[in-house]
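Visitor: prediction below, plus the sequence it came from.
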Amino acid sequence: MRLNNFLSLLAAVTMTVALSMGCQKDKDPDRLAFLGSYTVIEACSITGNHEYQMIITESTTEENDIVINNFGDFNNGTARATVSGKGLTIPAQTINIAGTAVNIANGTGSLNGNLLTISYTYSIGADSESCSMTCTKL
């Protein structure tokens, strides 16, 4: 009788541990708040103001990364960013637009409700420019 009770208890503990370990993936990563379509008003130091649309999707490679589609209105170029809380970091990266390398320098951003602000610098060849984006989630 004692052996049956012990085996029942052991089975229950094993099942509880197995179930709790199997439910760890993608609990509620911070990036979910960033996902969606945005209207962007961008102010750049040389080229002036631009208005366009962009879409933010989940990265398929890193749990806290996002993909910004049509970043900077660079002919549907995509940039990746890492989300932490309500902030994001855009690491240095190169977007290839029709054979032209657009080098994105480190950028930062923050989300406040439906308003996302991003600041970054980019260069094409020897020319560089700083831009600030005000993005309203649709």
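Guide: Perfect, I can see it now.

Visitor: skipping adjacent residues, who's closest to residue 79 in space?
Guide: residue 71 (3.9 Å; CB to CB, 6 or more residues apart in numbering). (C-beta placed from N, C-alpha, C; glycine too.)

Visitor: what pLDDT does residue 98 get?
Guide: Per-residue pLDDT puts residue 98 at 85.

Visitor: how deep is it tucked in, by neighbour count?
Guide: As a burial measure, residue 98 scores 7 neighbours (other CB atoms under 10 Å).

Visitor: that one is in contact with residue 76, isn't it?
Guide: No - between residue 98 and residue 76 there is no contact under CB atoms under 8 Å: 10.5 Å.

Visitor: ramachandran angles for residue 133?
Guide: With angles defined as degrees, to the nearest 10, residue 133 sits at phi -110, psi 140.

Visitor: identify the residues contacting it.
Guide: 40, 41, 42, 72, 109, 116, 117, 118, 119, 120 (CB atoms under 8 Å, 6 or more residues apart in numbering).

Visitor: these two touch, right, residue 83 and residue 35?
Guide: No - using CB under 8 Å, residue 83 is not in contact with residue 35, being 9.9 Å away.

Visitor: who touches both of these two?
Guide: Joint contacts of residue 83 and residue 35 (CB under 8 Å, 6+ apart) are residue 66.

Visitor: run through the bridge partners of residue 52.
Guide: residue 40 (DSSP bridges).
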